[in-house]
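Q: build me a model:
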Amino acid sequence: MDVFRLFPTPLMRAKQTLESQLVIDLVAHMVERATRSNVSSKGLGHTELLKPAENPLLEQVATKVTPKLVDFGVCLFGERLPWSIKEMWVNVLENGGRQAMHNHANSFASGVIYLTPTHPSSQTVFIRSPGGADFVFKNDNPGMTPNEFCADRWVSPPPDPGDMLVFPSYLMHSVPPNQGEQRITLSFNAIPSALKSWDYAIRFSG
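A: Just a heads-up that it's a prediction; the model follows:
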């Protein structure tokens, strides 16, 4: 008997994408700019959206992240395409803060780079997209064991500072209430240079 995992959703984990000194420098220089409050949680603040070219530290991040985006793009589009990061921003999650379920518009790949240790309570959670208005039957009881075919959510592995997750921008995700120390991450959105389909092409600029 064969079970085929049809049309899976790719999610890349890249350990130690950023070296420790770059992580330290990012925390020291970017956290004080995280002054924008989040409407869903009083304990969550962000920086403004930043272009990599606006800051030498972010340029270093982009240099290290972009080759991995090219690799990830092969999973999404079947071709090694040039990629660029549209925007970056830093998130500061205090004790008790959370991030509501959301996805990212106007991009194809999104990512999060962890800059501080993450308490197990606030590991990033990925959620199966909600269905439509149809009736849904579920088997949700103590005797069932969730798997990739029937689970409603997936909790990402415990990250270390410098680790990165990259995922399709449409994928819903959230951060549960943080029960630990301040959690700092750097998020980004990225796009390929162009997508071609037979007799037409769409080009993107970051």
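Q: check residue 148 and give its pLDDT.
A: According to the per-residue confidence, residue 148 scores 89 in pLDDT.
Q: dump the residue contacts of residue 69.
A: Going by CB atoms under 8 Å, 6 or more residues apart in numbering, residue 69 touches 83, 85, 109, 111, 166, 190. For glycine as for every other residue, the C-beta is placed from the backbone atoms N, C-alpha and C.
Q: equivalent analysis for residue 22, please.
A: Under the criterion of CB under 8 Å, 6+ apart, the neighbours of residue 22 are 57, 60, 61, 64, 162.
Q: the third one belongs to a strand, doesn't it?
A: Meaning residue 61. No: assignment of residue 61 by DSSP: H, G, I helix; E, B strand; the rest coil gives helix, placing it outside any strand.
Q: burial measure for it, as a count.
A: Other residues near residue 61 number 23, with proximity taken as other CB atoms under 10 Å.
Q: would you agree it is in contact with residue 18?
A: Yes: with contact defined as CB atoms under 8 Å, residue 61 and residue 18 form a contacting pair (6.6 Å).
Q: which neighbours do these two share?
A: When contacts are counted by CB under 8 Å, 6+ apart, residue 61 and residue 18 are jointly contacted by 26, 113.
Q: quick revisit: dump the contacts of residue 22 into TSV; add pLDDT and distance to residue 3 as well.
A: Shown next, in TSV, are the contacts of residue 22 (pLDDT from 0 to 100; distance: CB to CB, whole Å):
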residue	pLDDT	distance to residue 3
57	97	45
60	98	43
61	98	39
64	98	37
162	98	36
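Q: could you grab the helix/strand/coil label for the residue lying closest to residue 74 once chain neighbours are set aside?
A: What sits nearest to residue 74 in space, not counting adjacent residues and going by CB to CB, 6 or more residues apart in numbering, is residue 80, at 5.9 Å. Residue 80 falls in the coil class when you classify it by three-state DSSP.
Q: these two touch, right, residue 80 and residue 192?
A: No: here residue 80 does not reach residue 192: they are 10.0 Å apart, not a contact under CB under 8 Å.
Q: so what sits against both of the two?
A: In terms of CB under 8 Å, 6+ apart, residue 80 and residue 192 are both contacted by the residues residue 73.
Q: those two - which one has more neighbours?
A: Looking at residue 80 and residue 192 with other CB under 10 Å, you find the greater number of neighbours at residue 192, namely 22 against 11.
Q: just to revisit the earlier point, with respect to residue 2, which of the contacts of residue 69 is nearest?
A: Proximity of those to residue 2, judged by CB to CB, is greatest for residue 166, which lies at 29.5 Å.
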